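*Asks:* what follows is a predicted protein model with its sequence.
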Amino acid sequence: EYLGDFETDYPYHNGVIQKSAFNQMFLSSIDRADRYGDKTFLIFFVADNYQEIAEAESVEAADEAFRKLSSYIIKLRRQSDILGQTGRNEYCLMLQRPVHDQEPMEATNRFHDTLQMFEDIKSPGGMSINIRIKLIAIPTGDKMAERLFEASSKAA
């Protein structure tokens, strides 16, 4: 429902498509699932403490920290995966037509394990971002996994 709310759209940046464009891809994936049985999965990346960073430093600082996360997601995704900004503190990666049934869960675990290793996913003032990763199956909306971690929590 909120994917179709375009009161706030987010500009294209660094390979991350707009919410409105992502919504069109989402609707197409539902149509393909219905017509052809194609499998699609969504991996959401949510900065749970975005507001806390914005209040402590600034909205710009929170945006900068969150954009660092997107640059790593872009590097780690498959070429065919589509990344969109679906909220001020949320990115969504669309995995279409996985090769095998375990691929979406493997991708979720890989993002969880790998993103924790990057020590610069933090605000300019040094605040770590708490990231929640959720794996959702389309068209059912079933939550298949949820992982939490604090980015940049490792000592340098």
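*Replies:* Looks like it arrived, so ask away.

*Asks:* each with direction, which strands does the strand or helix carrying residue 46 pair with?
*Replies:* Element membership for residue 46 (DSSP states H and E) is strand 40-47. Here strand 40-47 has these sheet partners by DSSP bridges: strand 90-96 (antiparallel), strand 130-138 (antiparallel).

*Asks:* could you dump these into TSV with mean neighbour count added?
*Replies:* In this view, the C-beta of every residue, glycine as well, is placed from N, C-alpha and C. Shown next, in TSV, are these (neighbours: other Cβ atoms under 10 Å):
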stretch	mean neighbour count
strand 90-96	22
strand 130-138	19
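
*Asks:* residue 111 is nearest to which of those?
*Replies:* Among the strands paired with strand 40-47, the nearest to residue 111 by Cβ to Cβ is strand 130-138 (5.9 Å).

*Asks:* tell me the contacts of residue 70?
*Replies:* Neighbour list for residue 70: 13, 14, 15, 16, 83, 85, 91 [criterion: Cβ atoms under 8 Å, 6 or more residues apart in numbering].

*Asks:* now do 10 Å
*Replies:* Residue 70 makes contact with 13, 14, 15, 16, 45, 83, 85, 91, 93, 121, according to Cβ atoms under 10 Å, 6 or more residues apart in numbering.

*Asks:* filter those to the buried ones?
*Replies:* Under a neighbour-count criterion of 16 or more other Cβ atoms under 10 Å, the subset of the contacts of residue 70 counted as buried comprises 16, 45, 83, 85, 91, 93, 121.

*Asks:* out of the residues you listed, who's nearest residue 110?
*Replies:* Nearest to residue 110, judged by Cβ to Cβ, of these is residue 93 at 11.5 Å.

*Asks:* gap between the closest one and residue 147?
*Replies:* Residue 93 is 14 Å from residue 147, where distance means Cβ to Cβ, to the nearest Å.
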